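Peer 1: pasting a predicted model and its sequence here:
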Amino acid sequence: MESAAFLLLFSVCAGTLLQVWASDGVTALYGETIVVPCNGGSPPLNELMFIKWKYEKADGSPGDLLVKQNQKEATVQATDGYASRVSIDDKYNLLITGATLMDQHVFTCMVVSATNLNEFPVSVSVHKKPAQVQVMDKADVLQKDKPTMVGTCVVADANPPASITWKKNGQALVADDKAIVITTSTKVEPSTGLSTTSSILQYVASKGDAEAVFTCVSQHELGDDSAIVGPFSVHYPSEKVSLQVLSKGPIVEGDNVTLKCHADGNPPPKAFYFHIKGQKTLVENSDTYTVTGIGRDAGGEYKCALADNEKMEASQSIVVSYLDLSLSPTGRVVKTVGDTLSVKMEKSSSGEATVSWRKDGKTVKEPVFTKLTYLDAGVYKCEVTTEAVTRHQSFELVVEGKPVITGLTKQRSSDGNHKVLTCEAEGVPEPIFQWSVNGSNQEWSEYTKGKATHKITVIPKVNLTVTCIVSNKLGEDAMTINVSSVFNEDTEKKDSQEESDDQAKLIVGVVVGLILAAAVVALIYWLYMKNSRQGSWKTNEKEVGTSEESKKLEENNHTV
């Protein structure tokens, strides 16, 4: 049967015209099934005898794949690896499973009819999407002003080969062979024919590249991919050193002062030299040094320097503030009234100082005691202040004295039924009051700033002589007052009132009599003057009489 078929094919080929038709290529995906169409998927069906698929081998020789006669099963003719991989569908498409790059050939569909023999060659390409992007040999840090390999970007197993682009913070990097050097290479795996693309980025960083993010981007017709490298820190040597004094305010004698040496290098230096008042101290794994209990003579210039480069140094001037205060006396001071007390205050400070005094919390002038009184007693506080320091000391002044009575008075109550005796005294400690009479339960006392007052209520039925006695540990004093009976005072008051009424009546009578007498005299004088004026001024006439009478009248007038 096969021999007859070949003879038939030979005779047909010999008696017909062979026509070859160009066809578009087919791109298949690696590992998938390749579908190769015959005549674009439309082979002629009229008088079709059979269809044969063949391919051109690498050496140029033909290779048969399969033959399909009309209405019959296809016959696989391949004897190589295609024997188990090729088949044909109902549209006469050649099917090749498990596509590899070894399948990139020209496959020909030969269509044989009773009158024609047509061939339709189809070129097959197999493409493969690259594997996921990988970055190898990643840098840990970048070096300032030095070429540093950021990493090697690898895009493997692709066909066609993938292209690689480097970006920094989203911006594409362009190689300049100075600050940016990009080396790209492609390698083909012989066993598969797949390509691996590698790209190495060398970069010269600056301080501004700290925390920069680099991205390796793979471009391929079947899809893009990327991988991020970084962010990186940039290492660079220190260019500047500074010395800080970690203090919230002015430095005061006795404070602990911490010095911090700061360098701008990355990573920060781990060792420093501190120059403290002429002494050089190495500090490792720290950038601080603490001076404990700094003294007033410790002010001046302090320095720090890098341990590996002592030319990189910095200095700072430190001023130590201090204030000394001496007050005499201090504590509790007990004096006697009338004594003198010398108060002495001395101060020494690093700057201008302000002195203020307070007594019992209220501002006063500097105390001067030439003759102490009870009012001088109290708590005195001296406060001295500079811009940085405040000091204060105090003393409590107690002024003592034996009690002295300053007043003893009596007063009748408003209802007239009893009398209130008040005894006032001065003395420290507080005086104790004693009376020579027993008072009622209505007693009252007060003691403030050395002044004491004590009151008692009595109801004297007879005249009394009452003594007030005051005493403390330093002595005593006494004073006497006469207190009349409440009943006697009532009688005396009534008699005195009647006598007073009589006297008042007598006085009124005398006054009225004097007023009447004065009125009579005034009336007589007025009448006399009226008559005199009428005789001389109204008539304008001379009086009639002898010359002796006129002379005598004139003399009388002069005499009056």
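Peer 2: Yep, it's here.

Peer 1: ok now the helix or strand that contains residue 243, how far from the chain's centre?
Peer 2: Counting by DSSP states H and E, the element that carries residue 243 is strand 241-246. Relative to the centre of its chain, strand 241-246 is centred 22 Å away, using C-alpha atoms, centre = their mean, to the nearest Å.

Peer 1: can you check stretch 174-192 too?
Peer 2: Worked out by C-alpha atoms, centre = their mean, stretch 174-192 lies 53 Å from the chain centre.

Peer 1: repeat for stretch 160-173
Peer 2: That offset, for stretch 160-173, works out to 45 Å (C-alpha atoms, centre = their mean).

Peer 1: hang on, the earlier thing: what mean pLDDT does the next helix or strand after the strand holding residue 243 have?
Peer 2: Of the helices and strands lying after strand 241-246 in sequence (DSSP H and E), the nearest is strand 251-252. Per-residue pLDDT over strand 251-252 has a mean of 92.

Peer 1: now do the same end-to-end measure for stretch 403-423.
Peer 2: 12 Å (C-alpha to C-alpha, to the nearest Å).

Peer 1: so what touches it?
Peer 2: Contact with stretch 403-423 is made by 424-427, 431, 433, 435, 439-440, 452-460, 466, 468, 470-472, 474-481, 483, 486, 489-490, as judged by C-beta atoms under 8 Å, 6 or more residues apart in numbering. Placement of C-beta: from N, CA and C, glycine included.

Peer 1: and the buried ones among those, selectable in PyMOL?
Peer 2: A single PyMOL command selects the buried members of these (16 or more other C-beta atoms under 10 Å):
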select buried, resi 424+425+426+427+431+433+435+439+452+453+454+455+456+457+458+460+466+468+470+471+472+476+477+479+483+486+489
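
Peer 1: so which of the contacts of stretch 403-423 sit within strands?
Peer 2: 424-427, 433, 435, 452-458, 466, 468, 470-472, 475-481, 483 (DSSP state E).

Peer 1: what residues sit buried inside the strand holding residue 243?
Peer 2: Those would be 241, 243, for strand 241-246 by 16+ other C-beta under 10 Å.

Peer 1: in stretch 193-201, what counts as buried?
Peer 2: Quick answer for stretch 193-201 (16+ other C-beta under 10 Å): 194, 195, 196, 197, 198, 199, 200, 201.

Peer 1: who touches that stretch?
Peer 2: Contacts for stretch 193-201 (C-beta under 8 Å, 6+ apart): 30, 100-102, 128, 130, 149-164, 166, 173, 180-189, 214, 216, 218.

Peer 1: go with 6 Å
Peer 2: 101, 150, 152-159, 161-162, 164, 166, 182-188 (C-beta atoms under 6 Å, 6 or more residues apart in numbering).

Peer 1: over to stretch 158-176?
Peer 2: 101, 127-128, 130, 153, 155, 180, 182, 186, 194-195, 197, 199, 201, 212-215, 217-220.

Peer 1: gap between it and the chain center?
Peer 2: 46 Å.

Peer 1: correct me if wrong, but residue 221 is in a helix.
Peer 2: No: under the criterion used here (DSSP: H, G, I helix; E, B strand; the rest coil), residue 221 is coil, not part of a helix.

Peer 1: number of residues surrounding it?
Peer 2: When neighbours are counted by other C-beta atoms under 10 Å, residue 221 registers 11.

Peer 1: need the pLDDT of it.
Peer 2: For residue 221, the predicted pLDDT is 91.

Peer 1: how many other residues sit next to the closest residue to it other than its chain neighbours?
Peer 2: Among residues not flanking residue 221 along the chain, residue 127 sits closest, at 7.0 Å (C-beta to C-beta, 6 or more residues apart in numbering). Using other C-beta under 10 Å, residue 127 has 17 other residues around it.

Peer 1: could you do residue 185 as well?
Peer 2: Neighbours of residue 185 (other C-beta under 10 Å): 9.

Peer 1: same question for residue 176.
Peer 2: If we define neighbours as other C-beta under 10 Å, then residue 176 has 10 of them.

Peer 1: so it versus residue 437, what's the distance?
Peer 2: Between residue 176 and residue 437 the computed distance is 121 Å (C-beta to C-beta, to the nearest Å).

Peer 1: distance of the closest residue to residue 399 other than its chain neighbours from residue 365?
Peer 2: With sequence-adjacent residues excluded and distances taken as C-beta to C-beta, 6+ apart, residue 399 is closest to residue 377, at 4.5 Å. As judged by C-beta to C-beta, residue 377 and residue 365 stand 17 Å apart.

Peer 1: compare the two (neighbour count), which wins?
Peer 2: Just comparing residue 377 and residue 365: by other C-beta under 10 Å the higher neighbour count belongs to residue 377, 21 against 8.

Peer 1: give me the phi and psi for that one.
Peer 2: With angles defined as degrees, to the nearest 10, residue 377 sits at phi -60, psi 140.

Peer 1: strands paired with the helix or strand residue 289 falls within, and their directions?
Peer 2: Applying DSSP H and E as the criterion places residue 289 in strand 288-291. Here strand 288-291 has these sheet partners by DSSP bridges: strand 257-263 (antiparallel).

Peer 1: distance from the chain centre to the partner strand, please.
Peer 2: 23 Å.

Peer 1: list the buried residues in it.
Peer 2: For strand 257-263, by 16+ other C-beta under 10 Å, it's 257, 259, 260, 261, 262, 263.

Peer 1: ok, and what's touching it?
Peer 2: With C-beta under 6 Å, 6+ apart, strand 257-263 has contacts from 238, 241-244, 246, 251, 269, 272, 287-291, 294, 304.

Peer 1: which one of those sits closest to residue 232?
Peer 2: Proximity of those to residue 232 (C-beta to C-beta) peaks at residue 238, which lies at 19.2 Å.

Peer 1: count of neighbours near the residue nearest to the closest one when sequence neighbours are not counted?
Peer 2: Distances taken as C-beta to C-beta, 6+ apart place residue 265 nearest to residue 238, at 3.3 Å, with adjacent residues excluded. Neighbourhood size, residue 265 [other C-beta under 10 Å]: 17.

Peer 1: now swap in residue 297 and tell me
Peer 2: Residue 297 has 10 nearby residues by other C-beta under 10 Å.

Peer 1: surely it forms part of a strand?
Peer 2: No: counting by three-state DSSP, residue 297 is located in no strand; its state is helix.

Peer 1: wait, what's in contact with the nearest residue to residue 181 once chain neighbours are set aside?
Peer 2: Counting by C-beta to C-beta, 6+ apart, residue 181 lies nearest to residue 202, which is 4.1 Å off, once chain neighbours are set aside. Residues in contact with residue 202 (C-beta under 6 Å, 6+ apart) are 147, 149, 181.

Peer 1: any chance you could map the strands in the stretch 151-300 of the chain?
Peer 2: 163-168, 171-172, 180-188, 195-203, 214-219, 225-229, 234-235, 241-246, 251-252, 257-263, 271-276, 279-284, 288-291, 300-306 (DSSP state E, counting those that start in this stretch).

Peer 1: quick one: which of the ones you listed is nearest residue 64?
Peer 2: strand 180-188 (29.6 Å).

Peer 1: list the buried ones in that closest one?
Peer 2: 180, 181, 182, 186.

Peer 1: got it, and stretch 295-313?
Peer 2: Buried residues in stretch 295-313 (16+ other C-beta under 10 Å): 298, 299, 302, 303, 304, 305, 306, 312, 313.

Peer 1: what number of residues are in the vicinity of residue 329?
Peer 2: Neighbours of residue 329 (other C-beta under 10 Å): 16.

Peer 1: so it sits against residue 393, correct?
Peer 2: No: if you go by C-beta atoms under 6 Å, residue 329 and residue 393 don't touch, sitting 9.9 Å apart.

Peer 1: list the buried ones in the longest strand along the chain?
Peer 2: Across the chain, the strand with the greatest residue count (assigned by DSSP E) is strand 390-412. Going by neighbour count (16+ other C-beta under 10 Å), the buried part of strand 390-412 is 391, 393, 395-397, 399-406, 408.

Peer 1: which pLDDT value belongs to residue 553?
Peer 2: Value listed for residue 553 in the pLDDT field: 39.
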